[in-house]
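Colleague: please find the sequence and the predicted model below.
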Amino acid sequence: MTNVDHEVEGVLIKSLRKAFPDIGFLSEEIGEIRAGSDLKWVIDPIDGTTNFAHGFPFYAISVALEKDKKPLLGIVYDPVRGELFCAERGKGAFLNGKRIKVSSQKDLKKSLLMTGFSYKLGKTMESNLRHFRNFLVSSQAVRRAGAASLDMCYVACGRLDGFWELELNPWDTAAAWLIVKEAGGEVTTFSGKPYNHYLKEILATNRKIHRQMSVILSRKRL
């Protein structure tokens, strides 16, 4: 957490509250603020705070509008590259105003994957190291960059073919979940069950390799 996280969060909440006073908030830094509407803004002021603090240029601002645990609107902004990913339910996904779609790769062996590691290492390290090893030998390559919202947006625009992670929070995935879905991708739990951003495991793919990744994530060992 940095001072910039708080500053960005403050600007977002002030602006959104002024425009939409009846909508509540769920944000990484301040938690939940209830309001009169059944709508809620889900905000991550800086996804990839560790990257930002070290000057590693891979982080983003993520904002979703949620109703009944489902995102209606998702926005992920990468200030380093000036890339704005956005989606509205039922209306497609876009990058800087141009429609995007997931990759057409069907072969996991030729796929580029992304993951992340939780800071709760004692709870997840062994299982995700197992997944990491399994995918290293089952895909073309695996990357770990440290900002889940951008990882998922890269799946949405075809730069990556699949992404998995454990122990994420609602603000990490709410916006990007919708962007992947609207770009033609698939988002579930590891076992293929319906996903919502309050769950603690996520598998997001181009749909074509989804089953292959789900099978590997179910393995108990290498």
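Modeller: Looks like it came in fine.
Colleague: quick one: mean pLDDT for stretch 120-132?
Modeller: Averaged across stretch 120-132, pLDDT comes to 76.
Colleague: SS state for the residue located most distally from the centre of the chain?
Modeller: In the chain, Gly36 marks the outermost C-alpha relative to the chain mean, sitting 27.5 Å out by CA atoms, centre = their mean. Per DSSP: H, G, I helix; E, B strand; the rest coil, the local secondary structure of Gly36 is coil.
Colleague: now the closest residue to it other than its chain neighbours: how far from Lys40?
Modeller: Nearest residue to Gly36, sequence neighbours excluded (CB to CB, 6 or more residues apart in numbering): Asp22, at 4.5 Å. (Each C-beta comes from the backbone N, C-alpha and C, glycine too.) In this structure, Asp22 and Lys40 are 11 Å apart, going by CB to CB, to the nearest Å.
Colleague: check contacts around the nearest residue to Val102 once chain neighbours are set aside.
Modeller: Nearest residue to Val102, sequence neighbours excluded (CB to CB, 6+ apart): Asn206, at 3.8 Å. Neighbour list for Asn206: Val102, Ser103, Ser104, Gln105, Val155, Gly158, Asp161, Gly162, Gly184, Gly185, Glu186 [criterion: CB atoms under 8 Å, 6 or more residues apart in numbering].
Colleague: any idea how many residues pack against the last one?
Modeller: Read that as Glu186. Residues lying near Glu186 (other CB atoms under 10 Å) number 22.
Colleague: wait, it touches Ala204, no?
Modeller: Yes: using CB atoms under 8 Å, Glu186 is in contact with Ala204, at 7.3 Å.
Colleague: what sits in contact with each of the two?
Modeller: Residues touching both Glu186 and Ala204 (CB under 8 Å, 6+ apart) are Val180.
Colleague: what about burial for the contacts of Asn206, which qualify?
Modeller: Among these, those classed as buried by 16 or more other CB atoms under 10 Å are Val102, Ser103, Gln105, Val155, Gly158, Asp161, Gly162, Gly184, Gly185, Glu186.
Colleague: next step: these restricted to helices.
Modeller: Using DSSP state H, the members of these that fall in helices are Val155.
Colleague: return the member of the buried ones among the contacts of Asn206 nearest to Thr50.
Modeller: Looking at these and their distance to Thr50, the nearest is Val155, at 21.3 Å (CB to CB).
Colleague: now do the contacts for that closest one.
Modeller: Contacts for Val155 (CB under 8 Å, 6+ apart) come out as Val102, Met114, Asp161, Gly162, Phe163, Val180, Ala183, Gly185, Ala204, Thr205, Asn206.
Colleague: and which of the residues you listed is nearest Asp78?
Modeller: Lowest distance from Asp78 to those (CB to CB) belongs to Met114, with 14.7 Å.
Colleague: tell me which element that closest one falls in.
Modeller: Following DSSP states H and E, one finds Met114 within strand 112-115.
Colleague: need the pLDDT of the nearest residue to Lys120 once chain neighbours are set aside.
Modeller: Nearest in space to Lys120, with sequence neighbours left out and distances taken as CB to CB, 6+ apart, is Glu167 at 5.4 Å. You'll see Glu167 listed with a pLDDT of 91.
Colleague: my guess is Glu167 contacts Leu199. True?
Modeller: No: with contact defined as CB under 8 Å, Glu167 does not reach Leu199; the gap is 10.2 Å.
Colleague: ok, back up a step: inside strands: which ones of the contacts of Val155?
Modeller: If you go by DSSP state E, the contacts of Val155 have Met114, Gly162, Phe163, Ala204, Thr205 in strands.
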